[in-house]
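# model the following, please.
(chains A and B)
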Amino acid sequence: MLDISDLVTAYGKIEALKGVSLHVESGRITCLLGPNGAGKTTLMMSIAGILQPRRGSIRLEGDELLGLSPARIVAKGVALVPENRLVFPQMSVQENLYAGAYQRADKAAVEADIERMYGRFPRLKERREQLAGTLSGGEQQMLAVARALMSRPRVLLMDEPSLGLAPMIVAEIFSIIAELNRDGTTIFLVEQNAHMALQVAHQFFLMEQGRITFKGTPGQLAEDEVIQRAYLGARRAG
Amino acid sequence: MAARRHCNRVYVPDSGFVVDYLDLIDAVQSVADGVLFGATYALLGIGFTLIFGVMHKINLSFAAASIGAAYVSLLILAGFKAPAILVFLTAALAGGVIGALVYLVGFKFIPLANPLATLMSTVGLLLLIDEIIVHSTDGVPLNYPALFSDVIIPAGPFNIRGDLVFVFVLGCVCMAVLLTLLYRTKLGLATRAVSQQPVASQLCGISITRVNLLTFVITGMVGGIAGAMTGAAIGMLSPLLSLPLTVKGLIVTVIGGLGSIPGAIIAGLVVGGLENFFQFFRGVTERDLYIMLLLFAFLVFKPGGLFATSAGRD
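Residues are numbered from 1 along each chain as shown, chains lettered A, B, ... in the order given. This is a model prediction of the structure:
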């Protein structure tokens, strides 16, 4: 579905992505693990077109996304739920959803989608007139997900949806991720919470210092000793 | 009786603070005129504040561009006796075009990350517009058609000037249209999105460049109308107007709260009223001094203005 090859993104002279290649399979949940500063958010921002990569390619079902404006990339069917959620704080929940559907002209379908979002996230429905800035962290995360879905993406990118949320809310967010995927959405997820990610994702990549250093299934991930120590906090017998 | 003796005198500013009945009426009249004229300040304040809202930059050339647009509208009067509505429409259109040019020259290709860059480029544009006006008019003030200046509405002891009422009503219509645009349309939604969360607005598929350009066009049109209103209210246009209007517009923006439209409206009307209040009691030479002191007081005690927006840039 989404093919990234040899992607290089730099801030000035410092290369944050040093030739990243990975593949996101259609209809599955792909998870990117990695420590702080590995370049995970840079990768997400590069795919979304907010950052301009130096070279490489990002293909969505064969279509090159590199060099397109963020607006064109949204139109192609990629939506990003950004790190820290970034809801529009002075807009109501409902207006946030309308903003997510900014490029769509099919008014009736947009209204229907908003109702579907309210069906999926009942808490947003209760707070539809409330300013998004007054929502709790978990509610803002749900709003950010719903807003991204309003563009009817083919691939949903999520940058650390569990960041700063209470464990119970994290579990709720992950069950929503699994549910979205069951309904057919392809998801590419950045996560530091490897335990939660192991429960939902089908494919894993590990990124360290701007490079992909591991690729595998949940089973392979759980067996890898280095990863166990670093990310799963393995209880070693003896 | 002191009051009796002063009853019919002409007011002399340095005669102290003894205010008799007629003076009181004059004072109220003067303040009311100021509030009506304050609608132009409110529109200018809205222009500054809207651009600050979406770009977090001050466009210092805004008031000069507004006066420039009013000058352009004089061209249409050169050929034939155009109806008032046409003059204002021309001013609005010219303002929109100048606004787009200001964006392209002063913002589009300027490194926005540097906070001083656009300040410099817009000061440059302010001077440029001023120079163009001075050179094309030989620096001589031009008469501007005052609208409804022959209409005086008597209201008890007060006389309400028709031209000022016109300016005020037009200002209110502009504000209503702007607020509708901002809160009831898709473009308004995009504008607010960009101003609140630029990165997320791009992720929603909103083009920041397009929103910025349209904001400059729309504020330019508002500015053009404000410029024409200024011309109509004082009966002439002069290149000397642009600097004081820039200062007034900025004062209104700060007092109202940067980025707040209701703030700009209220602050515009208040500054207009207070200006005439101080002019009435302390004379025209001291008038601006007190307005500056008011600004000073706000900067010290309420730096966020009347309606400080809690949504900062983060």
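# phi, psi of residue 105?
By default, I'm working from chain A. phi -100, psi -10 (degrees, to the nearest 10).
# please apply the same query to A:Val24.
With angles defined as degrees, to the nearest 10, A:Val24 sits at phi -110, psi 120.
# contact partners for it?
A:Met1, A:Leu2, A:Asp3, A:Ile4, A:Thr30, A:Val155, A:Thr186, A:Phe188, A:Gln203 (C-beta atoms under 8 Å, 6 or more residues apart in numbering or on different chains). Glycine gets a C-beta too; all of them are placed from N, C-alpha and C.
# nearest spatial neighbour of it, skipping sequence neighbours?
Nearest residue to A:Val24 in three dimensions, chain neighbours excluded: A:Leu2, at 3.9 Å (C-beta to C-beta, 6 or more residues apart in numbering or on different chains).
# for that neighbour, give its distance to chain B.
16 Å (C-beta to the nearest C-beta, to the nearest Å).
# contacts only, for B:Leu189.
Contact partners of B:Leu189, counting by C-beta under 8 Å, 6+ apart, are A:Met91, A:Glu95, A:Tyr98, A:Ala99, A:Tyr102.
# pLDDT of whichever strand or helix holds it, averaged?
Following DSSP states H and E, one finds B:Leu189 within helix B:186-196. For helix B:186-196, the mean pLDDT works out to 94.
# how about that helix: buried residues?
Residues B:Leu187, B:Gly188, B:Leu189, B:Ala190, B:Thr191, B:Arg192, B:Ala193, B:Val194, B:Ser195, B:Gln196 are the ones in helix B:186-196 that count as buried (16 or more other C-beta atoms under 10 Å in any protein chain shown).
# skip ahead from that helix and say which helix or strand is next.
helix B:198-203.
# the strands in chain B, which residues?
Using DSSP state E, the strands assigned to chain B run over residues B:142-143, B:152-155, B:158-161, B:236-237.
# for the chain, which residue is closest to the average position?
The chain I'm using is chain A. What sits nearest the mean C-alpha location of chain A, by C-alpha atoms, centre = their mean, is A:Met158, with 1.0 Å.
# meant chain B, my bad for not saying
Central residue of chain B (C-alpha atoms, centre = their mean): B:Leu44, at 2.5 Å.
# can you pull the contacts of it?
Shown in contact with B:Leu44 (C-beta under 8 Å, 6+ apart): B:Phe62, B:Ala63, B:Ser66, B:Gly223, B:Ala226, B:Leu245, B:Lys248, B:Gly249, B:Val252, B:Gly268.
# so the last one sits against B:Val35, correct?
So the one you mean is B:Gly268. No: the criterion here is C-beta atoms under 8 Å, and B:Gly268 misses it with B:Val35 at 9.4 Å.
# and these two? Which one has more around it.
Using other C-beta atoms under 10 Å in any protein chain shown as the criterion, B:Gly268 and B:Val35 rank with B:Gly268 on top: 31 against 21.
# residues contacting the closest residue to that one other than its chain neighbours?
Distance criterion C-beta to C-beta, 6+ apart; nearest residue to B:Gly268, sequence neighbours excluded, is B:Ala42 at 2.7 Å. Taking C-beta under 8 Å, 6+ apart, we find B:Ala42 in contact with B:Gly171, B:Met175, B:Val252, B:Ala264, B:Ile265, B:Ile266, B:Ala267, B:Gly268, B:Leu269, B:Gly272.
# give me the pLDDT for residue 225.
You didn't pick a chain, so chain A it is. 77.
# hm, I was asking about chain B
We note a pLDDT of 95 for B:Ile225 in this prediction.
# list the contacts for it?
B:Leu43, B:Phe88, B:Ala91, B:Ala92, B:Gly95, B:Leu170, B:Cys174.
# up against chain B, what does chain A have?
Those residues of chain A that sit near chain B, judged by C-beta under 8 Å from any C-beta of the partner chain, are A:48-50, A:69-71, A:74-75, A:79-80, A:82, A:86-91, A:95, A:98-100, A:102-103, A:133, A:147-148, A:151.
# out of the residues you listed, list just those in helices.
Judged by DSSP state H, the residues of chain A next to chain B include A:Ala48, A:Pro70, A:Ala71, A:Val74, A:Ala75, A:Glu95, A:Tyr98, A:Ala99, A:Gly100, A:Arg147, A:Ala148 as members of helices.
# and the stretch 51-200 of chain B, which residues reach chain A?
B:Lys186, B:Leu189, B:Ala190, B:Arg192, B:Ala193, B:Gln196, B:Gln197, B:Val199, B:Ala200.
# quick one on the thing from earlier: the residue nearest to the centre of chain A contacts A:Ile187, correct?
Yes: A:Met158 is within contact range of A:Ile187, at 6.5 Å (criterion: C-beta under 8 Å).
# what's the overlap in contacts for those two?
Counting by C-beta under 8 Å, 6+ apart, the shared contacts of A:Met158 and A:Ile187 are A:Ile177.
# what about the closest residue to B:Val123 other than its chain neighbours, distance to A:Ile212?
Among residues not flanking B:Val123 along the chain, B:Leu60 sits closest, at 5.2 Å (C-beta to C-beta, 6+ apart). With distances taken as C-beta to C-beta, to the nearest Å, B:Leu60 is found 49 Å from A:Ile212.
# check B:Val271 too.
60 Å.
# what ranges do the helices span in the chain?
Going with chain A. Using DSSP H, the helices of chain A run over A:40-48, A:70-76, A:93-100, A:107-120, A:122-126, A:137-149, A:167-182, A:194-200, A:218-223, A:225-227.
# chain B, not that one
B:2-5, B:21-55, B:62-79, B:84-103, B:115-137, B:162-184, B:186-196, B:198-203, B:208-234, B:242-256, B:261-282, B:284-301.
# so for B:Phe307, which of those helices sits nearest?
helix B:261-282 (3.6 Å; C-beta to C-beta).
# which strands and helices sit next to that closest one?
With contacts defined as 3 or more C-beta pairs under 8 Å, 6 or more residues apart in numbering or on different chains; DSSP states H and E, the packing partners of helix B:261-282 are helix B:21-55, helix B:162-184, helix B:242-256, helix B:284-301.
# can you redo these as TSV with distance to A:Leu65?
Below are the helices and strands packed on helix B:261-282 laid out as TSV (distance: least, C-beta to C-beta, whole Å):
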stretch	distance to A:Leu65
helix B:21-55	27
helix B:162-184	32
helix B:242-256	40
helix B:284-301	47
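# go ahead and name everything in contact with the helix-or-strand element of chain A with minimal mean pLDDT.
Of the helices and strands making up chain A, the lowest-confidence element is helix A:225-227, at a mean of 76, by mean pLDDT, DSSP states H and E. Here helix A:225-227 makes contact (C-beta under 8 Å, 6+ apart) with A:Leu33, A:Ala194, A:Leu206, A:Phe214, A:Leu221.
# which ones are touching the nearest residue in space to B:Leu269 that is not next to it in sequence?
Taking C-beta to C-beta, 6+ apart, and ignoring the residues beside it in sequence, B:Leu269 has B:Gly38 as its nearest neighbour in space, at 4.1 Å. Residues near B:Gly38 by C-beta under 8 Å, 6+ apart: B:Gly268, B:Leu269, B:Val270, B:Val271, B:Gly272, B:Gly273, B:Glu275.
# the second one: what's it in contact with?
This means B:Leu269. B:Val35, B:Gly38, B:Ala39, B:Tyr41, B:Ala42.
# try the fifth one
Under the criterion of C-beta under 8 Å, 6+ apart, the contact list for B:Gly272 reads B:Gly34, B:Val35, B:Leu36, B:Phe37, B:Gly38, B:Ala39, B:Thr40, B:Tyr41, B:Ala42.
# do that again at 10 Å, thanks
Shown in contact with B:Gly272 (C-beta atoms under 10 Å, 6 or more residues apart in numbering or on different chains): B:31-42, B:164, B:168, B:248, B:252.
# so for it, what's the nearest residue that isn't a sequence neighbour?
B:Gly38 (2.1 Å).
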